[in-house]
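Novice: got a predicted structure plus its sequence, pasted below:
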Amino acid sequence: VEIALQHVNPDSLDLYSTLQNHLSVSSFYSGDYETAIASCEKYIEFSSRNNNMRAAATAFNTLAACCKESDDLKSAIQFCEKAVEIVRQYCPDDTYLLAAYLGKLSEYQNLDKQVDEAIASINEAIAIDSTDGRTDMLALRLGQKGHIFYKQRKYDTAKMLYEQAIGEIDREKHRQSYI
C-alpha cells in the first residue's frame, strides 16, 4: 500500500483516500499505531475534501481504536464521539454504523470508568438494534451492557442482562429453524 501511495496522484481523491484507509487499517492490525494514525489523518482530510463523510467517520473510529490500544482513553472517546457525530449528521439512515460506533464508544467510556456515559451509549445502541431487528447485535450489546454492570459488581443486573442476551440468541435460533 505504501508503494502504491507513492505512485498515485493525490488529486485522485477516491483512490488516494482508499489507499490511505487500507494503510491505516493494516498498520493498526500490525500494531504500527503511529503509521495508522498518520494515515487516518490523511484519510480524514481526503474523505472530507471528497465529501465522503462516512469514510471520515470510519477514519475517526480507527483513530479511536489506535488511541485505545495506546492506552489514551480520553482521545479514544473524543475520536469515537466525532465518528458518532459525523454519522448522525451525514449518514442518519446508517443505523447499523451508528449502533456499532455507539457500542465502541460505550466500551471506551467503560474502560475509562465513565459508567453513566457508557450505559447511555450502549442503551442507545440497544434501542437502535432492537428497532432494526438485529437480534445478533442486540444480544452482543446486551452482553456488553451486562459487562458494565459486572465490572461494577452489580452481579444480579449483569446476570439478568446476560440472560436477556442468551434469550435473544435462542429466539433467533428458534426463528431460523422455521425459515
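Specialist: Received the coordinates, thanks.

Novice: which helix runs longest in the protein?
Specialist: Longest helix of the chain, by residue count under DSSP state H: helix 155-177.

Novice: any idea how far it is from the chain center?
Specialist: 23 Å (CA atoms, centre = their mean, to the nearest Å).

Novice: do me a favour and average the pLDDT over it.
Specialist: Mean pLDDT, computed over helix 155-177, is 84.

Novice: how about the spatially most central residue of the chain, phi and psi?
Specialist: For the chain, residue 101 is the residue whose C-alpha lies nearest the centre (CA atoms, centre = their mean; 3.3 Å). Per-residue torsions, residue 101: phi -70, psi -30 (degrees, to the nearest 10).

Novice: contact partners for it?
Specialist: Contacts for residue 101 (CB atoms under 8 Å, 6 or more residues apart in numbering) come out as 57, 61, 80, 83-84, 87. The C-beta positions use only the backbone N, C-alpha and C, and glycine is treated the same way.

Novice: apply 6 Å and report the result again.
Specialist: Counting by CB atoms under 6 Å, 6 or more residues apart in numbering, residue 101 touches 61, 83-84.

Novice: host element of the residue nearest to residue 35 when sequence neighbours are not counted?
Specialist: Of all residues not flanking residue 35 in the chain, residue 27 sits nearest, at 4.0 Å (CB to CB, 6 or more residues apart in numbering). Using DSSP states H and E, residue 27 sits in helix 13-29.

Novice: returning to what we had before: reformat the contacts of residue 101 as CSV; add distance to residue 96.
Specialist: Listed next are the contacts of residue 101 as CSV, based on distance: CB to CB, whole Å:
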residue, distance to residue 96
61, 13
83, 14
84, 13
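
Novice: which ones among these lie within helices?
Specialist: Among the contacts of residue 101, the members found in helices (DSSP H) are 61, 83-84.

Novice: what sits up against stretch 106-125?
Specialist: For stretch 106-125, contacts defined as CB under 6 Å, 6+ apart pick out 68, 73, 76-77, 80, 99, 102-103, 105, 141, 144-145, 148.

Novice: take the ones in helices among the contacts of residue 101 and write them to CSV, including pLDDT, distance to residue 45 and neighbour count.
Specialist: Converted to CSV, the ones in helices among the contacts of residue 101 look like this (pLDDT from 0 to 100; distance: CB to CB, whole Å; neighbours: other CB atoms under 10 Å):
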residue, pLDDT, distance to residue 45, neighbour count
61, 96, 16, 24
83, 98, 16, 25
84, 98, 20, 23
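
Novice: identify the farthest-apart pair in the contacts of stretch 106-125.
Specialist: Greatest spatial distance among the contacts of stretch 106-125 (CB to CB): 73 and 99, at 21.1 Å.

Novice: can you map out the helices along this protein?
Specialist: Applying DSSP H to the chain gives helices spanning 2-7, 13-29, 33-49, 53-69, 73-90, 95-111, 115-132, 135-151, 155-177.
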